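Student: model this:
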Amino acid sequence: MALDADDLRIRVSAEPDPDLPTGWLTASEAVEAPLAEESHVPRLPAEASRPKARFSFSRWIAVGLGGLVSLAMGLAIDALIRDLFTRADWLGWTAVALAALVAAGFLGLALREIIGLMRLGKIDQLRDSITRAAEQDDAKAARSALQGLLTLYGDRPETARGRKALASHLNEVIDGRDLVILAERDLLAPLDLEARRIVMNAAKRVSVVTAVSPRALVDLLVVLFENLRTIRRLSALYGGRPGTLGFLRLARHVLAHLALTGGMAAGEGLASQVLGHGIAARLSARLGEGVVNGLLTSRIGLAAISVCRPAPFVATKGPKLSDFMSELVKTSGGETAGAKKGREKDRADLDRTADDS
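Tutor: Prediction:
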């Protein structure tokens, strides 16, 4: 017998039916039973939801175009050198020396990019190793990872004191998590303080420029420039020192971190968080826009700290967006009030000049 799900005579009750035999389930229990058992089902590995790597035809296109461009440039340079040799030998040898100089420059640039990428990869590996050591409280793994951290900052004189303190802790502390906490306190705390200052100053500049600038294009350029400079400075602070390709890779990781943590969803939710609690009634539209843009810059800076830092935050949760809010409101408010006062003074001077004339 087939039943129609839309039949009004059918009722689904959450109460157990005494007429049902023992062990039978009602309709609602049958629906809820799989949900109740979900906690006992083993989770699939993360690779199950990731697309399998396939051969990309775009790589064929990139390799082919790159090869054609290289051949064209090589033939053009060869033809130029041959033509110069036909004119005068010294012109030909000058062209050869200049071509060798260009080749050496490209070689040095390639080596610098490779070293920068390797350095960023080492920082990522250090962060993963230190995170696992702290989570598992593995002292052996923590010592090995922290030795890599000491090597990373071995050429930084400003970290000498912290490196010395951490090196003494490696032979005294037996808990892996405690070793990571000591490394965070002695070695990374001064770097974290400087990173907060870098992000705060960048957010202040963006906030002030956005609040007083009359052009949206100027706002866009300032925000882009400050965010890119902040990412590069934070990477250099924590030991990354990326080249061009490394910086692009780092910026992609920062954007991925923002997307993962929901940092880019800053429309009405962020505006209400920033301008709520009665602050919106006391701020002008331009000032509120400046504060929101400053906080977005702060959010990008916080994501950059998480990506560039070679160790996780264990003893503390790290800097938060709320740490920058009051300072940005105060800075933007003071700058906007000063600009408004200056404009009123200029207007009064013009009126006085007109009256005298």
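
Student: Please write out the alpha-carbon positions of stretch 127-134 in CSV.
Tutor: What follows is stretch 127-134, C-alpha atoms only, in CSV (Å, rounded to 0.1, in the frame of the first residue of the first chain):
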residue,chain,number,x,y,z
ARG,A,127,54.8,26.8,12.7
ASP,A,128,53.3,23.4,12.0
SER,A,129,56.0,21.6,14.0
ILE,A,130,55.7,23.9,17.0
THR,A,131,51.9,23.6,16.9
ARG,A,132,52.0,19.8,16.9
ALA,A,133,54.5,19.8,19.7
ALA,A,134,52.4,22.2,21.8
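
Student: Buried residues of that stretch, list them for me.
Tutor: Neighbour counts using 16 or more other C-beta atoms under 10 Å place R127, S129, I130, A133, A134 of stretch 127-134 among the buried residues. For the C-beta atoms, the positions are set from N, CA and C on the backbone; glycine is no exception.

Student: which residues are contacting it?
Tutor: For stretch 127-134, the external contacting residues (C-beta atoms under 8 Å, 6 or more residues apart in numbering) are 138-139, 141-142, 144-146, 148-149, 176-177, 179-180, 183, 309-312, 314.

Student: So which of these sit within helices?
Tutor: Counting by DSSP state H, the contacts of stretch 127-134 place 139, 141-142, 144-146, 148-149, 176-177, 179-180, 183 in helices.

Student: Please produce JSON lines containing these, extended by distance to E194 and pLDDT.
Tutor: Below are the ones in helices among the contacts of stretch 127-134 laid out as JSON lines (distance: C-beta to C-beta, whole Å; pLDDT from 0 to 100):
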{"residue": "A139", "distance to E194": "29", "pLDDT": "84"}
{"residue": "A141", "distance to E194": "28", "pLDDT": "87"}
{"residue": "A142", "distance to E194": "25", "pLDDT": "86"}
{"residue": "S144", "distance to E194": "27", "pLDDT": "88"}
{"residue": "A145", "distance to E194": "23", "pLDDT": "88"}
{"residue": "L146", "distance to E194": "21", "pLDDT": "88"}
{"residue": "G148", "distance to E194": "21", "pLDDT": "87"}
{"residue": "L149", "distance to E194": "17", "pLDDT": "88"}
{"residue": "G176", "distance to E194": "27", "pLDDT": "82"}
{"residue": "R177", "distance to E194": "25", "pLDDT": "86"}
{"residue": "L179", "distance to E194": "23", "pLDDT": "87"}
{"residue": "V180", "distance to E194": "20", "pLDDT": "87"}
{"residue": "A183", "distance to E194": "17", "pLDDT": "87"}
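
Student: These: which two are farthest apart?
Tutor: G148 and R177 (17.5 Å; C-beta to C-beta).

Student: Which one of these two is surrounded by more residues?
Tutor: More neighbours surround R177 than the other of G148 and R177, with 18 against 15 (other C-beta atoms under 10 Å).

Student: D137 is in contact with the more buried one, correct?
Tutor: Yes. Between R177 and D137 there is a contact under C-beta atoms under 8 Å: 4.7 Å.

Student: So, low pLDDT: which residues of the stretch 51-200 of the chain?
Tutor: For the stretch 51-200 of the chain, the stretches flagged by pLDDT under 70 are 51-55.
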